[in-house]
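Q: Using only what follows, build the 3D model:
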Amino acid sequence: NCAAIPGELIESELFGHEKGSFTSAVKQRIGKFETANGGTLFLDEIGDMSLTAQAKVLRALQEGKITRVGGEKDINVDVRVVAATNKDLLKEVEEKNFRLDLYHRLGVIIIHVPSLNERREDIPLLVDYFLDIIASEYGQPKKQVDKAAIDALQAYNWTGNIRELRNVVERLVILSGKSISLADVENYVLPKK
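A: Numbers count the residues shown, from 1 in each chain. Model prediction:
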């Protein structure tokens, strides 16, 4: 997760580092690109990566070479990269926050996943899926959801997409009675007026 790693550490995380290359580098560390050699590396939230790290990722993709932080020799890597972001990367390119050449290098196959608000018909299936998972996690029987509650969830504005839906379902499981009703959705999900 590129957003979860501080900018000063992302290069070490992705490309590794040599012993002594910075204060806390007490031993050599292999990075994610070397670890994924011959396989696939998923870079989540790539739109949050620093421009410096983007340049090094571009080099790894174009030339199949990386250099550990503090290192001098090139290391050959053969890695397929799958990247995801919630940002509009072309807008980020315009604002000089994302490299156009990296965008094109990553954009061999682009898959747009519509937001949950754009696919409300999936909500009943997703709620059922999350109910199964949560019942298993809590060691409880799976709760039923009233049709009116599902209708209210389908009408809700899901700004947090799937993560928000999952959290809402868990909240409803915890706070509702034997089944999840419209009143539960109104009390625990919908904003108070």
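Q: center of the chain - which residue?
A: Asp44 (4.5 Å; CA atoms, centre = their mean).
Q: Give the closest residue to it in space, chain neighbours not counted.
A: Counting by CB to CB, 6 or more residues apart in numbering, the nearest residue to Asp44 once its immediate chain neighbours are dropped is Asn1, at 4.6 Å. Heads up, the C-betas are built off the backbone N, CA and C, glycines and all.
Q: Leu106 now?
A: Ala83 (5.2 Å).
Q: so who does the one you found touch?
A: Phe42, Leu43, Asp44, Ile46, Leu106 (CB atoms under 8 Å, 6 or more residues apart in numbering).
Q: biggest separation within the residues you listed, which pair?
A: By the measure CB to CB, Asp44 and Leu106 form the most distant pair in the contacts of Ala83, at 12.9 Å.
Q: Tell me how many other residues surround Lys91.
A: 11 (other CB atoms under 10 Å).
Q: quick one: what helix or strand has it in it?
A: Lys91 is located in helix 89-94, with elements delineated by DSSP states H and E.
Q: Report all helices and strands that that helix contacts.
A: helix 100-106 (3 or more CB pairs under 8 Å, 6 or more residues apart in numbering; DSSP states H and E).
Q: For the residue nearest to the centre of the chain, grab phi and psi.
A: phi -80, psi 150 (degrees, to the nearest 10).
Q: re earlier: quick check: ChimeraX command selecting the buried ones in the contacts of Ala83.
A: Per 16 or more other CB atoms under 10 Å, the buried members of those correspond to this ChimeraX selection:
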select :43,46,106
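Q: Which member of the contacts of Ala83 is positioned nearest Glu63?
A: Looking across these and measuring by CB to CB, the closest to Glu63 is Leu106, at 15.2 Å.
Q: Quick one: residues contacting the closest one.
A: Ile46, Leu61, Val81, Ala83.
Q: between the residues you listed, which is nearest Pro141?
A: Looking across the contacts of Leu106 and measuring by CB to CB, the closest to Pro141 is Ala83, at 39.9 Å.
Q: Got phi/psi on the closest one?
A: phi -130, psi 150.
Q: Show me what it is bridged to.
A: Beta bridges link Ala83 to Leu43, judged by DSSP bridges.
Q: about what we covered before: please identify the buried residues of the helix holding Lys91?
A: Result for helix 89-94 [16+ other CB under 10 Å]: buried residues Leu89, Glu92, Val93.
Q: Give me the spatial nearest neighbour of the last one, chain neighbours excluded.
A: The shortest distance from Val93 to any residue other than its chain neighbours is 4.9 Å, reached at Leu100 (CB to CB, 6+ apart).
Q: Pull the number of nearby residues for that neighbour.
A: Leu100, neighbours per other CB under 10 Å, totals 13.
Q: for Phe15, same thing?
A: 25.
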